[in-house]
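# Here's my sequence, what's the structure:
(one chain, ligands or ions: 2)
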Amino acid sequence: MTHSKETADGKVRVKFKRWYILLLNLLLIPDSMANNSSYRTVYAFAREMYPRNIKAHLQYGTAGFRTKATDLDHVMYRMGLLAVLRARYKKAVIGVMITASHNPEPDNGVKLVDPFGEMLEQSWEAWATKFANVVDDKLEDTINELIKEYNITNMNDRVEILVGKDTRPSSIHLSKAVMDGVLALSGKPIDYGIVTTPQLHYFVVCKNTNRLYGQPTEEGYYRKLTNAFKKYRGSVFSQGNYVNRVIYDGANGVGAKKVKYLKEALQDTLLIEMYNDEIIGSGKLNHLCGADYVKSQQSFPTGLPVETNVRCCSVDGDADRIVYYYMDENNKFHLMDGDRIATLAASYLKEILLDIGIDLNLGLVQTAYANGASTEYISTKLNVPVACVSTGVKHLHHKALTYDIGVYFEANGHGTVVFSNNAKEKLISATESDSCTEKQKQASKRLLTLIDIINETVGDAIADMLLVETILHAKGWNISQWEACYTDLPNRLLKVTVKDRNVITTTDAERICVTPNGLQDAINSLVVKYDKGRSFVRPSGTEDIIRVYAEAATRKEADKLAAEVALKVYELAGGIGTAPEVPQ
Ligand code: 16G
Ligand code: MG
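Ligands and ions are numbered 1, 2, ... in the order given. A predicted model of the protein is given here:
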C-alpha cells in the first residue's frame with residue numbers, strides 16, 4: 001500500500017496511493033494512528049491533492065492571506081499544517097478562519113487565530129508566508145526547519161484545530177483543504193461550519209480557558225451575549241428617546257445568517273429588522289452593501305428602507321465590523337463609524353467607573369484614521385488617555401491589553417473592549433465588599449454584566465451592536481443625540497497606484513512617512529496651508545496601492561488636501577497610470 005524510506009538525515013519520506021490518503025481522511029485518523037507516524041502523509045497529500053499551481057508570491061498580511069479563491073487550495077492545506085505546528089508549539093487550541101471579509105465573492109482568504117483570540121503572532125506571519133510560497137518539493141524541508149527552530153518535540157500531540165468559514169461558495173472546499181492539512185499532521189480538526197470570524201475567536205478562547213470564558217458552541221455564544229443583554233436592559237425595552245428598533249444590513253453574508261438566531265433569543269427586547277440576507281451563492285455578498293461599503297461610500301446600502309432618523313447598522317462579510325448611520329429629515333446621510341462607537345463606549349465606561357469609585361485605568365486605542373475631532377473629544381472632554389497605533393487589529397488589541405479597561409476601534413468599525421483580570425477581580429470584590437455602598441455594589445454588578453455582552457476576544461459586529469444598543473438604551477438617547485457629542489472633521493480617503501508600494505515606509509504609528517525622501521516634507525508643507533489640516537500616507541496591507549488620508553476644517557479643503565498629497569505620492573513614489581487630479 002505504501003512504501004517509505006528513511007533518508008540519511010533521519011527524515012522519513014512516504015509515498016501513498018491516492019485512495020489510501022482519501023481513506024485516512026475519511027476516518028479522520030484514529031488516535032492510535034495519530035500517535036505514530038501518520039503525520040508523514042503530509043507530503044503525499046501536498047503533491048497529489050494540493051499542489052502549488054501558481055507562481056505569484058503571496059503574503060500573510062494584516063488579515064492573513066486574501067486573493068482569488070481559485071489560487072488558494074494549496075495555501076489552505078498548508079495553513080492546516082501550520083496551525084497544527086503552532087498548536088503543538090503553544091500547547092493550545094488554534095483556530096483557522098476562511099474568509100475574505102468585505103471583499104467580493106470570488107475572493108477568499110484565511111487567517112490563523114492564536115490561543116487567546118489574538119491574530120497570529122507576527123514572527124509566525126513570516127512562516128505562514130514561507131509555507132504558502134515554497135515549492136511542493138521543499139514543503140517538507142520547511143516544516144522540518146520550523147520544527148527545529150521552535151524545538152517542537154511533541155509531534156504526536158493530537159492538537160485541536162477549530163475551523164470556521166464564511167458563506168462564500170468557495171469556502172466549502174477550501175475548508176476541506178485546511179482540514180486535510182490538519183489531518184496530514186495528525187491534528188484533530190473540529191469543523192465549526194459557517195460562523196462569523198469573532199465567533200471562531202470566541203470558541204478558541206473558550207477552549208483554551210477551559211470554558212471559563214464560555215461554552216465553545218454557537219448556542220453558548222448566543223446564550224452568553226443575549227442573557228447579559230436582557231439582564232442589563234431589564235423590563236423596560238424603550239426609554240427616553242431610545243426606541244428598541246434597529247434596521248440591520250447583513251451584507252448578504254454570515255452576519256445575516258447568524259443574526260436570525262440572535263433575534264430569536266432576544267425576542268422583544270430588541271427588534272432587529274433584517275435586510276440583505278440573500279442566500280449563499282447569490283453573488284451578492286458585500287455587493288453595494290455591508291459596513292465597508294457604507295463607510296467608504298458614505299451612503300445607504302442597497303436594499304434598506306430609508307426611514308427618517310431611524311437607526312441603521314451594517315456589518316461586513318465576516319461580521320467583525322459594524323457601522324451605524326441614519327438619514328435625517330433633509331435627506332442628509334449621517335455616519336456613526338468606529339470612532340463614534342469607541343467614544344460612546346469609553347464615555348459610558350467612564351461614567352460607570354465613577355459610580356463604582358474604584359481605581360482602574362481606562363484607555364482608548366485608535367489608528368491614524370481616527371477622525372481628529374474624536375481624538376480631541378476623548379482626550380480633552382472625556383479625559384481618557386488615547387493611544388495611536390498602526391493599522392490592523394493585532395496592533396490595537398495588543399495595546400488595549402495594557403490598560404485595565406482598553407477600548408479599541410478602527411474607524412472602519414472593527415473593535416471591542418478588553419478587561420484585564422485585575423479589573424474583573426476588583427469588580428467582583430467590589431460587589432461583596434463592606435466598604436462599598438449599595439450604589440457602588442450595584443454599579444459593579446452592572447459592569448460585570450456589561451462585560452458579558454462584549455466579545456473581548458476580537459471586534460465582533462453582533463456583540464458591538466448589542467453594546468451600542470445597551471448604552472443608548474441606558475442613556476435614553478436616539479442616534480442624533482449620540483452624534484451630537486462632537487462634530488467630525490470632513491475627511492477624504494484616496495488610493496494611488498505605484499510601481500512598488502514598499503517604497504513607502506512609515507513610522508510613529510504610520511503618521512510619518514520615512515521614505516521616499518522628501519515626501520514627508522512635501523506633506524508637511526501642504527498640511528500647514530489648511531485649517532485643522534492633517535494628512536498621512538501608508539502602503540495598504542490588503543491591496544497593491546498607497547492609501548492617502550486627509551482631513552481639514554471644510555469638505556472642500558479636505559478634498560483638496562487629499563488630492564494634493566496624492567499627487568505628491570504619485571510624483572515621488574513612482575505613481576503609475578493617470579496622475580491624481582487636484583480640484584481647484
Ligand atoms: C485588514 C485588517 C483591518 C485593517 C485593514 C486595513 C485585521 C483583522 N483586519 O482588514 O484591521 O483596517 O486590513 O486595510 O487586522 P489596508 O491595509 O488595505 O488599508
Ligand atoms: Mg471583516
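# Now name the helix or strand holding residue 447.
Using DSSP states H and E, the secondary-structure element containing residue 447 is helix 438-453.
# Which positions within that helix qualify as buried?
Going by neighbour count (16 or more other Cβ atoms under 10 Å), the buried part of helix 438-453 is 440, 443, 444, 445, 446, 447, 448, 449, 450, 451, 452, 453. Yep, even glycine has a C-beta here, placed from its N, CA and C like the rest.
# For the residue in the stretch 201-350 of the chain positioned nearest to ligand 1, which three-state class applies?
In the stretch 201-350 of the chain, the residue found nearest to ligand 1 is residue 320; the distance is 6.8 Å by Cβ to the nearest ligand atom. When classified by DSSP: H, G, I helix; E, B strand; the rest coil, residue 320 comes out as coil.
# Show me which residues of this protein sit near ligand 2.
101, 316, 318, 320 (Cβ under 5 Å from the ion).
# Can you report how many residues lie near the third one?
Here the count is done by other Cβ atoms under 10 Å, and residue 318 has 33 residues near it.
# do the same with the one 4 residues further on
Here the number of neighbours of residue 322 (other Cβ under 10 Å) works out to 32.
# Pretty sure it sits against residue 465.
Yes: taking contacts as Cβ atoms under 8 Å, residue 322 lies within contact range of residue 465: 5.7 Å.
# Identify the residues contacting the residue in the stretch 151-300 of the chain that ligand 1 sits nearest to.
Closest residue of the stretch 151-300 of the chain to ligand 1, Cβ to the nearest ligand atom: residue 197 (7.7 Å). Counting by Cβ atoms under 8 Å, 6 or more residues apart in numbering, residue 197 makes contact with 97, 99, 101, 111, 164, 166, 318, 319, 320, 458.
# Need phi/psi at it.
Taking degrees, to the nearest 10, you get phi -60, psi -50 for the backbone angles of residue 197.
# Residue numbers of the stretch 251-400 of the chain in contact with ligand 1?
Proximity of the stretch 251-400 of the chain to ligand 1, by Cβ under 6 Å from any ligand atom, involves residues 391, 392, 393.
# How about the contacts made by the residue lying closest to the second one once chain neighbours are set aside?
Right, residue 392. Using Cβ to Cβ, 6 or more residues apart in numbering and skipping residues adjacent in sequence, the residue nearest residue 392 is residue 62, 4.0 Å away. Contacts of residue 62 were listed using Cβ under 8 Å, 6+ apart, and they are 391, 392, 393, 394, 541, 542.
# With distance to residue 471 and pLDDT added, can I get the residues of the chain next to ligand 2 in CSV?
Below are the residues of the chain next to ligand 2 laid out as CSV (distance: Cβ to Cβ, whole Å; pLDDT from 0 to 100):
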residue, distance to residue 471, pLDDT
101, 26, 93
316, 22, 96
318, 24, 96
320, 20, 97
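# Tell me the backbone dihedrals of the nearest residue to residue 230 once chain neighbours are set aside, please.
Among residues not flanking residue 230 along the chain, residue 269 sits closest, at 5.3 Å (Cβ to Cβ, 6+ apart). Backbone geometry at residue 269, expressed as degrees, to the nearest 10, gives phi -60, psi -40.
# pLDDT score for residue 269?
Looking at residue 269, its pLDDT is 97.
# Helices along the stretch 51-200 of the chain, start to end?
Per DSSP state H, counting those that start in this stretch, the stretch 51-200 of the chain carries helices over the ranges 73-90, 122-133, 136-149, 171-184, 197-208.
# Next, the contact list for the one residue sitting closest to the centre of the chain, please.
In the chain, the residue lying closest to the centroid (Cα atoms, centre = their mean) is residue 320, at 5.1 Å. Contact analysis of residue 320 by Cβ under 8 Å, 6+ apart lists 101, 196, 197, 198, 414, 458, 459, 460, 461.
# what about 7 Å?
Listed by Cβ atoms under 7 Å, 6 or more residues apart in numbering, the contact partners of residue 320 are 196, 197, 198, 414, 458, 459, 460, 461.
# Excluding residues flanking it in the chain, which one is nearest it?
residue 197 is the one closest to residue 320 (Cβ to Cβ, 6+ apart), at 4.6 Å.
# One more: residue 539?
Leaving aside its chain neighbours, residue 539 sits nearest to residue 501 (3.9 Å; criterion: Cβ to Cβ, 6+ apart).
# go on, residue 199?
residue 221 (5.7 Å).
# Can you get me a residue count around the one you found?
With other Cβ under 10 Å as criterion, residue 221 counts 26.
# what's the host helix or strand of it in contact with?
Element membership for residue 221, per DSSP H and E: helix 218-233. For helix 218-233, contacts defined as Cβ under 7 Å, 6+ apart pick out 195, 199, 202, 206, 214, 261-262, 265-266, 269, 446, 449-450, 452-453, 463, 466, 470, 473.
# residues of that helix that come out buried?
218, 220, 221, 222, 224, 225, 226, 228, 229, 230, 232, 233.
# Stretch 571-584 now?
Going by 16+ other Cβ under 10 Å, stretch 571-584 has these buried residues: 572, 573, 574, 575, 580.
# and the residue nearest to residue 539, what does it touch?
By Cβ under 7 Å, 6+ apart, the contact set of residue 501 is 539, 540, 544, 545, 546.
# check which helix or strand covers the closest residue in space to residue 492 that isn't next to it in sequence.
Closest residue to residue 492 apart from its sequence neighbours, by Cβ to Cβ, 6+ apart: residue 562 at 3.8 Å. Following DSSP H and E, one finds residue 562 within helix 555-572.
# That helix - what's its average pLDDT?
On average, helix 555-572 scores 98.
# Among the contacts of helix 218-233, name the buried ones.
195, 199, 202, 206, 214, 262, 266, 269, 446, 449-450, 452-453, 463, 466, 470, 473.
# can you tell me how far the residue of the chain found nearest ligand 2 sits from residue 199?
Per Cβ to the ion, residue 101 is where the chain lies closest to ligand 2, at 3.2 Å. Residue 101 sits 14 Å away from residue 199, going by Cβ to Cβ, to the nearest Å.
# May I see the buried residues of stretch 259-277?
Buried-residue list, stretch 259-277, by 16+ other Cβ under 10 Å: 259, 262, 263, 266, 269, 270, 272, 274, 275, 276, 277.
# what angle do whichever strand or helix holds residue 526 and helix 555-572 make?
Element membership for residue 526, per DSSP H and E: helix 519-527. Angle of helix 519-527 versus helix 555-572, following axes from the mean of the first three to the mean of the last three Cα atoms, to 10 degrees, is 160 degrees.
# Contacts for helix 519-527, please.
512, 513, 533, 534, 535, 561, 564, 565, 568, 569, 572, 573.
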